[in-house]
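Chemist: Dropping the sequence and predicted coords here.
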Amino acid sequence: MGGASVHLLDLALGMQELGHEVMVLVGGQGVVVDRAAQFGLECLPLRYMVREISPLVDLKGYFELRKKLAELKPDVVHLHSAKAGILGRLAARSLSIPAIYTAHGWPFTEGVSEQKRKLFAFIERAMAKLSSRIITVSEYDRDIAIESKVADGDQLVVVHNGIPDVPVSNKSPEPGLDTVKLVMVARFEEPKNQRALIEALASVEDLNWTLEFIGDGPNLESVEEVTQALGLSGRVMFLGSRDDVPACLSAADALVLVSRWEGLPLTVLEAMRAGLPVIASDVGGVGETVGHGVTGYLVPRDSKTELIESLRKVISDPAVRLSMGKAGRQRFEAEFTFDGMLHRTLAVYHQVIGARG
């Protein structure tokens, strides 16, 4: 599942455990529906809520969603993802139901082409008029929404992502000759840039490392081809989609996330929770999680030189990995717990419902 889907189900389960009635509406069948059932959540698949843009299907999706909301009569509708955010806010407004939208990274952020930024900002300005509140997962996203005149500061609320805690293993410095296991957890599609990581690792081939890629997606085959062409097939593993990511991170030594743009990626929080140092592109809200030189290294977008330097530091120095991993775990406990996110989100619900009168 993508980060937004994980966030949604965690949030829904947390609200249900607090005693609230929750219904999850999601496009189609699949892993989200299955996971919701495992969590004991009511989940209603929507036939016409699809990722691809299709005017006719999207029109059907609007009426399907509106019908379900009219039947459910919720106190508040909380929307995630661009398509659901548009159709859901339109449907909620037509029924006079308060709508909250969480932007898991704006489509008009830096790294997106100027033409697309202008188009997406125009759409989000229109949609903001239908929103009781807009939650951003980082201060960065709040700031660019204000700068792009999508919404004002009163309508925007920052709620940093948070994730449930799990037990972590105690890491200790390894002997210098041990192989350092790197991991990147991300789908093989924009905005992730697995290819850049492979090319950077080819420049530190003299060091003792392996890399695990977790995830699938349309760019997987091309990254496999680059890996083979650079002679790194024996050191890079493609694990595909996994449902045991916490265990994979616990067995790793460092997380690397190379992206062209981001919101506030859950995989960085998962790595901090596991006590791992993080090397990540300094885009979106990543800098609000990773302390440069403290819990990991922030690398400017598309900077191969600084990515190579950061990889060399982390791979070659076990003491650095240990100290950064401990600092990351402490920062997770202080700022990015699930309970903190849950109660801040609930406060937004109460504000919206209270304002409705």
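Modeler: Happy to help now that I have it.

Chemist: contacts and neighbour counts: CA atoms only from here.
Modeler: Will do.

Chemist: any weak-confidence spans in this structure?
Modeler: 168-177, 357 (pLDDT under 70).

Chemist: what about Leu59, how many residues close to it?
Modeler: 14 (other CA atoms under 10 Å).

Chemist: Could you do Gly340 as well?
Modeler: 16.

Chemist: so it makes contact with Gly162?
Modeler: Yes: taking contacts as CA atoms under 8 Å, Gly340 lies within contact range of Gly162: 7.0 Å.

Chemist: list the contacts for Glu189?
Modeler: Taking CA atoms under 8 Å, 6 or more residues apart in numbering as the contact definition, Glu189 lies against 217-219.

Chemist: Give me the phi and psi for it.
Modeler: phi -160, psi 170 (degrees, to the nearest 10).

Chemist: can you check Asp143 too?
Modeler: phi -60, psi -40.

Chemist: and it, how many neighbours does it have?
Modeler: Neighbours of Asp143 (other CA under 10 Å): 16.

Chemist: Show me the helices in this structure, by range?
Modeler: 3-17, 31-39, 55-72, 82-94, 114-128, 139-147, 194-201, 220-229, 245-250, 266-273, 304-316, 318-335, 338-356 (DSSP state H).

Chemist: For stretch 67-83, what is the distance to the chain centroid?
Modeler: 22 Å (CA atoms, centre = their mean, to the nearest Å).

Chemist: Quick check: bridge partners of Val299?
Modeler: On the basis of DSSP bridges, Val299 is bridged to Ser281.

Chemist: Looks like it contacts Ile279 (just checking).
Modeler: Yes: using CA under 8 Å, Val299 is in contact with Ile279, at 7.3 Å.

Chemist: Overlap in contacts, these two.
Modeler: Shared contacts of Val299 and Ile279, counting by CA under 8 Å, 6+ apart, come down to 307, 310.

Chemist: Need the winner for burial among the helices of the chain.
Modeler: helix 266-273 (a mean of 25; mean count of other CA atoms under 10 Å).

Chemist: on contacts alone, who are the packing partners of that helix?
Modeler: helix 245-250, strand 254-257, strand 278-281, helix 318-335 (3 or more CA pairs under 8 Å, 6 or more residues apart in numbering; DSSP states H and E).

Chemist: if I read this right, Leu239 contacts Gly215, doesn't it?
Modeler: Yes: using CA under 8 Å, Leu239 is in contact with Gly215, at 7.0 Å.
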